[in-house]
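Colleague: What follows is a predicted structure for the sequence shown.
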Amino acid sequence: MNKLKKVSLLILLLLVSTLAYNQEKDSVDLFKSKPPSNFYSQLSIDFTSPLYRDFATSPLFYRGLGINLNTAWLRRSDKRERIFKIELGFSALIPRVPKSNFIQSGGLAYFGNLTLYYHQLWKIEPLSNEKFNLKVGGALIITQNIRANPALENNAFGLENLSNLMATAQVTMDISRIAPKVYKRFTLKPVNRELRLLVNVGVLNFNYRPGYAYSYDSEMNGTKTKPVAWAFSNYKLTLNGWRINTELEFIKYLPNGNARGWSYIWEAAHAKGRYEPFQMASHRIQYTLYFHSKKR
Amino acid sequence: MKALLLLFTVLIFFSCEKILFKHDLGTTDSLKNFDYLWSEIDKKYSYFELKNIDWNQIRNTYRPLLTENSSETELFTVLATMLNELRDDHTNLISPFNVSQYNVALMGDDNYRKRTIDEFYIPNAWKTGPLVHDFLSNGKVGYIRYGSFMSEFGDGQMDLVLDRYRNTKGLILDLRENGGGSVFNVPKILGRFVESKTLVGYTITRNGPNHNDFSDIEQFYITPSTGIRYLKPVIVLIDKGSFSATTSFAMATKAFPNILLMGDATGGGGGLPNGGQLPNGWTYRFSVSQLLDLNGNNYAEDGVPADIEVSFDWTDLTKDEILERAIYELVN
């Protein structure tokens, strides 16, 4: 099964790379004038190193490795930007257990999350120029975590929702090579590319966390009892904590308007909750394909 | 300047969760592990008042037995002994080298011998999923053994079993040494023996730092199954090994006139055991809720008593006195 997953992943990566490469060969005028607004569909894959700690069940950090698949719809112009993104991630983690001088404790936990992300940004003209574009605005991030840690018995499943209204700033630097450049024996062709830094800082941070006892003996309505409702009963919605999200992306545009991006994404969140906090962070290396699907 | 600003931002905002989060609390320090476990139980355990346990006194008794450098086996021994003061088999400490247990099943007589049932009563039993069953007393009685509430079964499987015994005078459901499992399987079985939606008990869950802080009561209903039901007399066999979800099942039967409990009192374990982890990586669990009967009484933690008490006679291993009595009650 694992082998099958690895082969499928490899094929997917090869297909994606080939597709991007083929588009690069369709040479057209590289620096034709940019349209006022570009519409992109995005597909991304990233490798993530997540970390979490749920004080309600353990004082230990759990760290591991995983994969995220993302799709997004981006509308970008010089003056404004909107994006809606859906992310699906899955990771396996182990607790950071202190070294034992007898028999080492271990364990394995699983961490899945679904994130919906939307931001809308506007250009700050006085701080921008032809090569440097600063946009600010707001973002909404909604993340639903599903964690499984069999060692925690009836608390094996951790479910929390973090919904954050963020203040957002984005700096885009045009680092295109306008003219051919000779470097030793090689001639480097002109290329359209940019460096983008996005910073999201939580302004309104909501979290939906378990109640005081974590798992509850809730109402049992015979065989009509709904396990999901049973699991979520006594959850509390709280407005506290913080969340920060940053992304540094290098984007290389292709002559046909499509693009490829390589990003490093860092995120950290602290959901204080009503009783005991939950913390999570992740470091992600992401590869994104931009499909330029519409010009207006 | 802009490049410097960018670099500064990158350094500030990337990879700095170590600055933002509280430091790593993992430790092998025995006293810190003791304090952590003691405090978690103090905050969330549900039976202090019912069992008249002075938890502060217990801390004063056991903490001095440790130092920050106590060995892992010494720490385990002290923590396990402290947990057993709660007299609760839903309370365990789990380390890589040992698991603590109160062992309530060993505190009463053993009233179940599988070999006796298999060899002398149901040698040709059907095994429909986890349900082991056959006719007894020349087809007058049906016998069903359900060994664990952990074991799942389908509606079709239960339909088949109950349809097979539709013409019997009564049914014996053997839950001796059923150590529990999923509480969702309780209404799944009991719903086969009831005519209408019935309130069978309540639960309350620890909801605050004081030992008597509990949530509002939650109702526990049994609803009739839409599959095949059996509404003739049913005798449920129980013993000290009938624990946790089996105790919930036994308590719920008290609301039904067509169901009798026979054997010995159950082992208890009416509380929901929640798990957690110590700073040294060991895990634990303990009860955070209470199971109450229709009058609001909590006897389930000490075991639900049988309606008819019968014991197994170990001098004759060809006979199961508890099963014989159940057959007698149903046939006569």
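Modeller: Arrived safely, thanks for sending.
Colleague: now the helices for the chain?
Modeller: No chain specified, so I'll use chain A. All helices of chain A, identified by DSSP state H, fall at A:2-25, A:227-232.
Colleague: Correction: the question concerned chain B.
Modeller: Counting by DSSP H, the helices of chain B are B:2-13, B:17-20, B:30-44, B:55-62, B:72-84, B:114-120, B:155-164, B:185-190, B:245-253, B:321-331.
Colleague: Now the longest one: buried residues?
Modeller: Read it as helix B:30-44. B:30, B:32-34, B:36-38, B:40-41, B:43-44 (16 or more other Cβ atoms under 10 Å in any protein chain shown). All C-beta spots, glycine's among them, are computed from the backbone N, C-alpha and C.
Colleague: ok, and the closest non-adjacent residue to B:Lys254?
Modeller: B:Asp293 (6.5 Å; Cβ to Cβ, 6 or more residues apart in numbering or on different chains).
Colleague: And the one you found, how close does it get to chain A?
Modeller: According to Cβ to the nearest Cβ, to the nearest Å, B:Asp293 stands 14 Å off from chain A.
Colleague: Quick one: residues contacting that residue.
Modeller: B:201-202, B:251, B:254, B:299-300 (Cβ atoms under 8 Å, 6 or more residues apart in numbering or on different chains).
Colleague: for chain B, what's the longest strand?
Modeller: As assigned by DSSP state E, the longest strand anywhere in chain B is strand B:198-205.
Colleague: That strand pairs with which strands, parallel or anti?
Modeller: With DSSP bridges as the test, strand B:198-205 is paired with strand B:218-222 (antiparallel), strand B:289-292 (antiparallel).
Colleague: most packed of those strands?
Modeller: strand B:289-292 (a mean of 24; mean count of other Cβ atoms under 10 Å in any protein chain shown).
Colleague: which residue packs closest to whichever residue of the stretch 101-250 of chain B sits closest to chain A, ignoring adjacent ones?
Modeller: Residue nearest to chain A within the stretch 101-250 of chain B (Cβ to the nearest Cβ): B:Thr223, separated by 2.8 Å. Distance criterion Cβ to Cβ, 6+ apart; nearest residue to B:Thr223, sequence neighbours excluded, is A:Gly222 at 2.8 Å.
Colleague: now the strands: where do they sit in the stretch 151-296 of chain A?
Modeller: Remark: strands assigned in the stretch 151-296 of chain A by DSSP state E, counting those that start in this stretch are A:157-174, A:181-183, A:186-188, A:192-209, A:220-221, A:236-239, A:242-253, A:259-271, A:278-295.
Colleague: Point out the one among the ones you listed that comes closest to B:Asn274.
Modeller: Nearest to B:Asn274, of all the strands of the stretch 151-296 of chain A, is strand A:157-174, at 11.6 Å by Cβ to Cβ.
Colleague: My understanding was that the residue nearest to B:Thr223 contacts B:Phe220; is that so?
Modeller: No. Counting by Cβ atoms under 8 Å, A:Gly222 stays clear of B:Phe220, with 9.1 Å between them.
Colleague: Find the residue ranges of the stretch 51-200 of chain A scoring beneath the pLDDT cut-off.
Modeller: Along the stretch 51-200 of chain A, no part satisfies pLDDT under 70.
Colleague: what's across from the residue positioned nearest the centre of chain A in the sheet?
Modeller: Centroid-nearest residue in chain A: A:Glu87, 6.4 Å away (criterion: Cα atoms, centre = their mean). Counting by DSSP bridges, A:Glu87 is bridged to A:Asn70, A:Thr115.
Colleague: any idea how far it is from B:Gly201?
Modeller: Distance from A:Glu87 to B:Gly201, counting by Cβ to Cβ, to the nearest Å: 44 Å.
Colleague: quick one: contacts for the residue nearest to B:Thr223?
Modeller: Taking Cβ under 8 Å, 6+ apart, we find A:Gly222 in contact with B:187, B:191, B:197, B:221-224.
Colleague: Between those, identify the one with the most neighbours.
Modeller: Neighbour counts for those, by other Cβ atoms under 10 Å in any protein chain shown, peak at B:Ile222, which reaches 29 neighbours.
Colleague: What's the per-residue pLDDT of the nearest residue to it once chain neighbours are set aside here?
Modeller: Take B:Ile222 and drop its neighbours on the chain: the residue closest to it by Cβ to Cβ, 6+ apart is B:Leu190, 4.7 Å away. pLDDT recorded at B:Leu190 is 97.
Colleague: Over to A:Pro227?
Modeller: 80.
Colleague: for A:Ser37, same thing?
Modeller: As summarised for this prediction, A:Ser37 has a pLDDT of 77.
Colleague: Now do the residue lying closest to it once chain neighbours are set aside against chain B, distance only.
Modeller: The spatially closest residue to A:Ser37, leaving aside those adjacent along the chain, is A:Ser77, at 4.0 Å (Cβ to Cβ, 6+ apart). Counting by Cβ to the nearest Cβ, the gap from A:Ser77 to chain B is 22 Å.
Colleague: what about A:Ser77, neighbour count?
Modeller: 15.
Colleague: Next: B:Leu330.
Modeller: B:Leu330, neighbours per other Cβ under 10 Å, totals 22.
Colleague: With A:Ile175 instead?
Modeller: 14.
Colleague: Over to B:Asn69?
Modeller: Neighbour tally, B:Asn69, other Cβ under 10 Å: 10.
Colleague: Contacts only, for the closest residue to it other than its chain neighbours.
Modeller: Using Cβ to Cβ, 6+ apart and skipping the chain neighbours, the partner closest in space to B:Asn69 is B:Ser30 (7.1 Å). Residues in contact with B:Ser30 (Cβ under 8 Å, 6+ apart) are B:66-70, B:74-75, B:78.
Colleague: Much appreciated, bye for now.
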